[in-house]
Structures are given as structure tokens and as C-alpha cells.
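Asker: this is the structure alone, sequence omitted:
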Ligand code: BDR
Ligand code: CA
């Protein structure tokens, strides 16, 4: 299996991502690290520990990370993810607490200890990852690649042009993009499209397995679904879980290697990922040596049916 670490802000759809990663036989989830985003970092740690317990994986180490972005105050998304950051489902408190190591120390330890290079999957603001890269740059030698949920080619969600994870900590995202390791951007353009149909959500909710049932409850909360028809009552977006699907089954997305730059300037465009899709200009500017512009594998299309089936097959696995 591929060794992976998820850095998250659990988070309704981060929880869906964790449930999938724990159950997919091709993935070896070595640790989970938490960062302020959808809710405050202590809420993220609590939600993450609870989800791992419900998923039957109570031994995976969980690290508490940054309380706030590098420059700005935290701006939680309770209007999307509920007051507890995970849909206010009334889940039990976890039985354990986070690791003694903080997120950056845990990331470093697990990356360097892994016998095979690790794939990092950030599904949250990139504060922990930026701190890791700046504090322990030697970790890049054992990182296979970073597949992050964040950014957008077209339309944003936190603002008209900026996606929440990048918008919440744009400087951290800029550090990630220039890390010098292969990066895949699983942005809103594909994220928004993978939406599960109501009958499948119903079936998950009716499961006797607590982890499977939790996936159904979270999907029914459907914080990330868009363009729903009124009859699609309980349809729900996979959201962050799609980024983990993209690691388990990379052929389900179509990517292109493109220059990407984060807008760091104050004002209406702050946090926008500017993706250069021009056929030739991009190249000449890279050769002209613009430092902020990184080449990133940008997901431009997704096989929706394929990822929905993959998600169901994995999460309904006994
Ligand atoms: C991202 O922001 C959060 O609300 C979700 O968990 C996802 O990671 C979408 O912009
Ligand atoms: Ca998230």
C-alpha cells in the first residue's frame, strides 16, 4: 500500500476522506495531522479522533497543529460545517487525546521513518505543511508527492475567486507550491462535481457498521453539494474525500502540468490560485524565471461515476 498522511481540518468532508483512507486496502494511513480551518484546532483534533474511532482505526497517531494561519487570524467556517465543525451530529467524545508530538514533529517523524516515500494529502489550510517545509526541509527527500485539496481554476467559494483552504492561509499555500516536490492540485473545479446520489446516501445511513453509517450521516449533511435538484434531497458531495480517491486511483482525474501562482496581495483577489492555461506564454515566463510560479499537476476533469463507485466500494467494505 501507498504510505499516506492526511493533514486536515475535520470538517464534514475531511471526515469522509479519513473514513475512505482507513478502509482503502491500497493506502496505508500512517498519521493524521490537524490544523485550524473549518473549526478551531482543538475541535479539529476532537473530530478527527472521533472519526478514527468510529472507523475502527483508534491507533493511528493524530498530531495537533497550527492554531491560526501564518499571518492572519483564523476564520472558521461554522456556517458550512456546523458549530462543532462536523455537522453537529452529536457524536461521542473520543476516548483518547492527541499525540504528544505536535503536527510538525509528527509529520517529520512519520515521513522520515517511512520505508517508502510518503504521499501527503492536505485537505485543509496549508499552515502545518508550510511550517514543516520551512522547519525541516530535509523531509522532501522522502515525500513522493503532495496531492492537496485546494485552489480553483475557475470559481472560488470563500470569495468569488478564492477557494477556502488557500484563502485561509495564502502564504502557506505559496510555500507548498514551491516546495520542489511533485504537486497535484485537486481544486474546486473537480471537488464540486463528485456528488453522491440520495439512494446511495440512504443505504450508507442504514448500515449496521458505525463507520459506514457515519459516512452516510455526513453525506446527508451535504455541506459541499452544489447544483442540487430539489428531489435530490439527501445527495452529498464527497468533497475532500475526492483528493484521497485521486491518490488511490490517479487515473480517475485528468491533470495538466500548469504554472500556478497564489495571489498574496491584499484585496479582492487575495488567495486566488492563478492558473496559467495559455498554450505558450506560461512556458516562456517559467523560462524567464518567475520564482513564485510553480508547475503543478492541476486536476481539470474527474470521472465522477468512477470515484463514487470507488468510495462506496471502499466505505461499505466490511
Ligand atoms: C475546503 O474547505 C473546507 O470547507 C472543506 O473541508 C474543504 O477542504 C473546500 O473549499
Ligand atoms: Ca477540509
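Answerer: Cool, the structure landed. It should be emphasised that the depicted structure is a prediction, and the values quoted were computed from it without experimental measurement. Ligands and ions are numbered 1, 2, ... in the order given.

Asker: around ligand 2, pick out the residues from the stretch 1-150 of the chain.
Answerer: Proximity of the stretch 1-150 of the chain to ligand 2 (C-beta under 5 Å from the ion) is limited to residues 9, 11, 14, 123-124. The way it works is simple: take the backbone N, C-alpha and C, and place the C-beta from them, glycine included.

Asker: how about the strands in the stretch 151-300 of the chain?
Answerer: 183-186, 195-196, 236-237, 253-262, 273-275, 294-302 (DSSP state E, counting those that start in this stretch).

Asker: if we can go back for a sec, let's have the residues of the stretch 1-150 of the chain next to ligand 2 in JSON lines, adding secondary structure.
Answerer: What follows is those, written out as JSON lines (DSSP: H, G, I helix; E, B strand; the rest coil):
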{"residue": "9", "secondary structure": "coil"}
{"residue": "11", "secondary structure": "coil"}
{"residue": "14", "secondary structure": "helix"}
{"residue": "123", "secondary structure": "coil"}
{"residue": "124", "secondary structure": "coil"}
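
Asker: about what we covered before: could I get the strands of the stretch 151-300 of the chain in CSV, plus columns for distance to ligand 1, mean neighbour count and mean pLDDT?
Answerer: Shown next, in CSV, are the strands of the stretch 151-300 of the chain (distance: least, C-beta to the nearest ligand atom, whole Å; neighbours: other C-beta atoms under 10 Å; pLDDT from 0 to 100):
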stretch, distance to ligand 1, mean neighbour count, mean pLDDT
strand 183-186, 10, 26, 98
strand 195-196, 14, 24, 95
strand 236-237, 9, 26, 92
strand 253-262, 14, 19, 96
strand 273-275, 12, 21, 97
strand 294-302, 14, 21, 96
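
Asker: and those as TSV, adding distance to residue 113?
Answerer: Listed next are the strands of the stretch 151-300 of the chain as TSV, based on distance: least, C-beta to C-beta, whole Å:
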stretch	distance to residue 113
strand 183-186	23
strand 195-196	36
strand 236-237	34
strand 253-262	29
strand 273-275	32
strand 294-302	27
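
Asker: gap between residue 197 and residue 255?
Answerer: 26 Å (C-beta to C-beta, to the nearest Å).

Asker: just to revisit the earlier point, which of the residues of the stretch 1-150 of the chain next to ligand 2 come close to ligand 1?
Answerer: 11, 14, 123-124 (C-beta under 6 Å from any ligand atom).

Asker: in those residues, which residue is surrounded by the most others?
Answerer: Neighbour counts for those, by other C-beta atoms under 10 Å, peak at residue 14, which reaches 33 neighbours.

Asker: so what's that one up against?
Answerer: For residue 14, the contact set (C-beta atoms under 8 Å, 6 or more residues apart in numbering) comprises 6, 8, 38, 47-48, 123-124, 239-240.

Asker: please name the nearest non-neighbouring residue to it.
Answerer: Leaving aside its sequence neighbours, residue 14 sits nearest to residue 8 (C-beta to C-beta, 6 or more residues apart in numbering; 4.0 Å).

Asker: can you pull the phi/psi pair for the one you found?
Answerer: phi -140, psi 170 (degrees, to the nearest 10).

Asker: who's it bridged to?
Answerer: residue 34 (DSSP bridges).

Asker: show me the contacts for it.
Answerer: By C-beta under 8 Å, 6+ apart, the neighbours of residue 8 are 14, 17-18, 32-35, 44, 48, 122-124, 240.

Asker: likewise for residue 54?
Answerer: 19, 91, 210-211, 214.

Asker: the stretch 51-200 of the chain: helices as residue ranges?
Answerer: In the stretch 51-200 of the chain, the helices defined using DSSP state H, counting those that start in this stretch lie at 78-81, 103-113, 127-135, 164-168, 170-177, 188-191, 198-205.

Asker: relative to ligand 1, which of these is closest?
Answerer: Nearest to ligand 1 among those is helix 164-168; the distance by C-beta to the nearest ligand atom comes to 3.5 Å.

Asker: the closest one: how far from the chain's middle?
Answerer: 11 Å (C-alpha atoms, centre = their mean, to the nearest Å).
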